[in-house]
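Novice: structure for the following, please:
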Amino acid sequence: MLSKKAIDGIVILVPLWLNRAKGLLFIPFIVQAIGLDGYGTYIQIMANVALLSPFAHLALGQPILRFSSSVPDHDKSALAKCFWTPVYFCIIASSILISISAGNASWLSDVFLQGEYKEAIIVAQFMIFPNGAAIILLPYLNSRKRYREASAFWFIREFVPYSVLVAVVWIYNDLTLGVICSVLMAYIITLAMLVRIYLDIGIKWFSWTLLVSYVTFSWPIALASFARVGAELVPRYLIPAFLGSAVLGAFNVIYMLVKMMGAIADPFLRYLNSTLPRLWDSGEKERLQNTFERSVLLYLIMIVTALLILLELIGPAAALFIGDGKLQILGGMGLNLLILGAFAVYFGLNDFSMVYAKLAMQTGMVLSVAMLALVVTVVASAILIPNMGVIGASIGQLLGVIAAQQLYAKRLKREHGENYVESIIKLSAGTAMALILWGVLRYAVDLEWYAVLPMVVGTYLSLIIMLRVVTVSEVSQLLLKQTKS
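Specialist: Residues are numbered from 1 along each chain as shown. Purely as a prediction, here's the structure:
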């Protein structure tokens with residue numbers, strides 16, 4: 001029997017992977033209906049929405065997660081007070097943002113889309129409210145340890161509107177109509193979840209005092225969220241400018257594959273976000289340190305394993321999603337994947353560091369780190385993309401997250417456990433050896449993927465066990481339900 005942690009991890013991961021896979025699985029339909037340029041246009045339109053969404057929620061889900069975890073489930077009044085004030089703020093902020101951004105649709109169309117798709121840009125701005133509300137709903141559900149419900153909601157909220165978009169675009173060859181139907185479906189799902197919460201805990205009216213205390217905690221995280229989104233969106237603005245929308249569409253395929261891999265961090269992050277605040281507040285620092293560091297090590301082992309698998313399957317996957325005839329516009333796919341894989345690893349490590357910074361109430365640090373990553377990403381991408389193409393975009397993303405991790409390491413000054421640094425060194429050595437083996441088998445011996453994959457992954461995991469980065473007993477305790485003797 002699987003353990004509760006393993007089941008919760010699967011319940012969290014599977015919907016996340018399906019949500020991120022949706023963009024890949026449906027790409028052939030979108031590309032066939034409106035072309036790779038049209039797909040790139042859709043990515044560009046939604047990039048503008050993603051950039052504004054953090055201002056609709058101001059990361060108010062984070063103080064819900066940090067402070068309401070200790071509120072008992074039977075205290076409905078306190079829970080309603082914690083939940084509804086951020087929702088009211090989101091409604092008001094979204095209305096203002098939608099009015100401003102929709103009013104500037106003509107400018108956005110002229111600057112980014114050669115004067116086309118103005119109507120689609122206007123309609124897409126209405127997605128700001130469902131996006132903002134979801135970032136409040138999810139932390140609330142996680143603070144109640146309702147992981148399965150949170151995962152189900154996130155899956156439905158992300159998958160269904162996008163599926164509707166694809167179906168409409170496929171049937172009518174009309175991107176604007178697809179965006180309209182997608183937005184309507186997002187509102188239906190979001191409102192249904194709000195009604196579900198209302199029936200559970202009732203409703204409380206707006207509390208200015210609570211909002212001020214929440215915003216005091218969350219505003220640096222909100223600006224950091226904006227900076228992180230901005231850093232991720234840099235290629236969405238610079239690639240079309242220098243290389244064209246079709247190249248952006250192809251780059252986004254590889255990027256989404258890597259983001260699927262990065263979802264491995266989410267079960268660990270949700271567990272830490274709901275568990276560590278209680279350990280911190282009760283002064284159990286040794287247990288907190290051990291829980292945090294073992295989670296980081298397990299995350300690193302899992303994401304490196306996923307990267308080794310993806311390295312071998314990237315060619316057939318890219319050919320499936322964008323077609324053999326368009327693969328050449330990606331340049332060196334293997335190198336791109338290695339760079340973006342390293343980006344995903346560091347991106348996840350930054351998320352772990354952010355969890356610790358929030359525990360220590362150092363939300364200002366989260367903001368300064370995110371701003372540094374944004375600046376480094378923008379500068380590096382602006383220099384590298386015109387000269388190196390898609391590879392330059394990948395390097396720009398990687399340099400930004402590396403700079404962020406270095407600043408976290410310098411500012412947090414977190415004490416490490418006795419064997420943590422040694423385990424990181426062993427894990428890095430095992431990863432290097434596995435990558436060398438992959439390179440030899442792939443390029444020197446030229447074996448097929450079904451021969452390379454088990455040898456590389458098997459060797460890597462064997463090295464991890466032999467070097468005692470983790471033990472068989474630890475893995476068994478994590479994955480399997482323990483019976484009491």
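Novice: so what are the structural domains in this structure, by residue number?
Specialist: According to automatic domain parsing, the chain comprises the domains 1-206, 221-417.
Novice: and for the spatially closest residue to V71 that is not a sequence neighbour, the neighbour number?
Specialist: Distances taken as Cβ to Cβ, 6 or more residues apart in numbering put A78 closest to V71, at 5.0 Å, once the chain neighbours are dropped. The C-beta positions use only the backbone N, C-alpha and C, and glycine is treated the same way. Per other Cβ atoms under 10 Å, the neighbour tally for A78 reads 14.
Novice: if we can go back for a sec, any chance of the domains of the chain in a markdown table, plus distance to L437?
Specialist: Formatted as a markdown table, those follow (distance: least, Cβ to Cβ, whole Å):
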| stretch | distance to L437 |
| --- | --- |
| domain 1-206 | 26 |
| domain 221-417 | 9 |
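Novice: could you say which helix or strand holds the residue nearest to V71?
Specialist: Secondary structure from DSSP states H and E places A78 in helix 76-103.
Novice: which positions in that helix come out as buried?
Specialist: Residues of helix 76-103 classed as buried: 79-87, 89-90, 93-94, 97-98, 101-102 (neighbour count, 16 or more other Cβ atoms under 10 Å).
Novice: which helix or strand lies directly C-terminal to that helix?
Specialist: helix 105-112.
Novice: of the domains of the chain, which approaches M466 most closely?
Specialist: domain 221-417 (13.2 Å; Cβ to Cβ).
Novice: now that closest one: mean pLDDT?
Specialist: If you average the pLDDT over domain 221-417, you get 83.
Novice: how long is it from one end to the other?
Specialist: 28 Å (Cα to Cα, to the nearest Å).
Novice: kindly report the same for stretch 416-424.
Specialist: Across stretch 416-424, first to last residue, Cα to Cα, it's 11 Å.
Novice: buried set for it?
Specialist: Buried, per 16+ other Cβ under 10 Å, within stretch 416-424: 420, 423-424.
Novice: quick one, helices of the stretch 51-200 of the chain?
Specialist: With DSSP state H, counting those that start in this stretch as the criterion, the stretch 51-200 of the chain has helices at 54-57, 61-67, 76-103, 105-112, 118-124, 128-143, 147-172, 175-201.
Novice: now these as a markdown table including distance to V378 and mean pLDDT?
Specialist: As requested, the helices of the stretch 51-200 of the chain are arranged in a markdown table below (distance: least, Cβ to Cβ, whole Å; pLDDT from 0 to 100):
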| stretch | distance to V378 | mean pLDDT |
| --- | --- | --- |
| helix 54-57 | 17 | 87 |
| helix 61-67 | 25 | 81 |
| helix 76-103 | 21 | 91 |
| helix 105-112 | 17 | 78 |
| helix 118-124 | 23 | 90 |
| helix 128-143 | 23 | 90 |
| helix 147-172 | 27 | 88 |
| helix 175-201 | 28 | 94 |
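Novice: between these, which one is closest to A241.
Specialist: Among these, helix 105-112 sits nearest to A241 (Cβ to Cβ), with 8.7 Å.
Novice: the closest one vs helix 76-103, what angle?
Specialist: 70 degrees (axes from the mean of the first three to the mean of the last three Cα atoms, to 10 degrees).
Novice: what's helix 105-112 packed up against?
Specialist: When contacts are defined as 3 or more Cβ pairs under 8 Å, 6 or more residues apart in numbering; DSSP states H and E, helix 105-112 packs onto helix 27-52, helix 118-124.
Novice: could I get the buried residue list for the strand or helix carrying P454?
Specialist: Following DSSP H and E, one finds P454 within helix 449-466. When burial is assessed from 16+ other Cβ under 10 Å, helix 449-466 yields the following buried residues: 449, 452-453, 456-457, 459-461, 463-464.
Novice: would you mind listing the two of the residues you listed that lie farthest apart?
Specialist: W449 and I464, at 22.0 Å, using Cβ to Cβ across the buried residues of helix 449-466.
Novice: re the thing from before, against which helices or strands is the helix holding A78 packed?
Specialist: So helix 76-103, by 3+ Cβ pairs under 8 Å, 6+ apart, packs with helix 27-52, helix 54-57, helix 61-67, helix 128-143, helix 175-201, helix 208-242.
Novice: for the third one, which outside residues touch it?
Specialist: Contacts of helix 61-67 with the rest of the structure, by Cβ atoms under 8 Å, 6 or more residues apart in numbering, involve 82-83, 86, 135-140, 142-143, 213-214, 217-218, 221, 273-274, 277, 358.
Novice: from the chain's centre, how far out does that helix sit?
Specialist: Relative to the chain's own centre, helix 61-67 is displaced by 19 Å; criterion: Cα atoms, centre = their mean, to the nearest Å.
Novice: just to revisit the earlier point, would you agree the residue nearest to V71 is in contact with W84?
Specialist: No: look at A78 against W84 with Cβ atoms under 8 Å: they stay out of range, at 11.5 Å.
Novice: next one: the helix ranked longest in the chain to chain centre, how far?
Specialist: Criterion DSSP state H: the longest helix present in the chain is helix 285-322. Centroid separation for helix 285-322 versus its chain: 13 Å, with Cα atoms, centre = their mean.
Novice: so what's V183 up against?
Specialist: V183 neighbours (Cβ under 8 Å, 6+ apart): 123-124, 126-127, 130, 161.
Novice: tally of neighbours for V379?
Specialist: Neighbour tally, V379, other Cβ under 10 Å: 14.
Novice: could you do A409 as well?
Specialist: 12.
Novice: quick one: contacts for it?
Specialist: S353.
Novice: host element of it?
Specialist: Going by DSSP H and E, A409 is in helix 390-412.
Novice: which parts of that helix are buried?
Specialist: Going by 16+ other Cβ under 10 Å, helix 390-412 has these buried residues: 390-405, 407-408, 412.
Novice: rewinding a little: ok, which of the helices and strands packed on helix 105-112 comes nearest L165?
Specialist: Of those, the one closest to L165 (Cβ to Cβ) turns out to be helix 27-52, at 8.1 Å.
Novice: how far away from the center of its chain is the closest one?
Specialist: 19 Å.
Novice: average model confidence for it?
Specialist: Mean predicted confidence for helix 27-52 is 77.
Novice: buried residues, it. List them.
Specialist: 27, 30-31, 33-34, 36, 38-52.
Novice: extract the C-alpha set from stretch 169-186 and format it as CSV.
Specialist: Below are the C-alpha coordinates for stretch 169-186, written out as CSV (Å, rounded to 0.1, in the frame of the first residue of the first chain):
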residue,chain,number,x,y,z
VAL,A,169,-10.5,27.2,-32.7
TRP,A,170,-10.4,23.7,-34.3
ILE,A,171,-14.0,23.9,-35.4
TYR,A,172,-14.3,27.6,-36.4
ASN,A,173,-10.7,28.6,-37.2
ASP,A,174,-11.4,31.7,-35.1
LEU,A,175,-8.9,32.6,-32.3
THR,A,176,-11.1,35.5,-31.0
LEU,A,177,-14.2,33.2,-30.6
GLY,A,178,-12.0,30.6,-28.9
VAL,A,179,-10.8,33.2,-26.4
ILE,A,180,-14.4,34.4,-25.6
CYS,A,181,-15.6,30.8,-24.9
SER,A,182,-12.5,30.1,-22.8
VAL,A,183,-13.0,33.2,-20.6
LEU,A,184,-16.7,32.4,-20.1
MET,A,185,-15.8,28.8,-18.9
ALA,A,186,-13.1,30.1,-16.5
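Novice: buried residues in it?
Specialist: Result for stretch 169-186 [16+ other Cβ under 10 Å]: buried residues 169-170, 175-183, 185-186.
Novice: lovely, talk soon.
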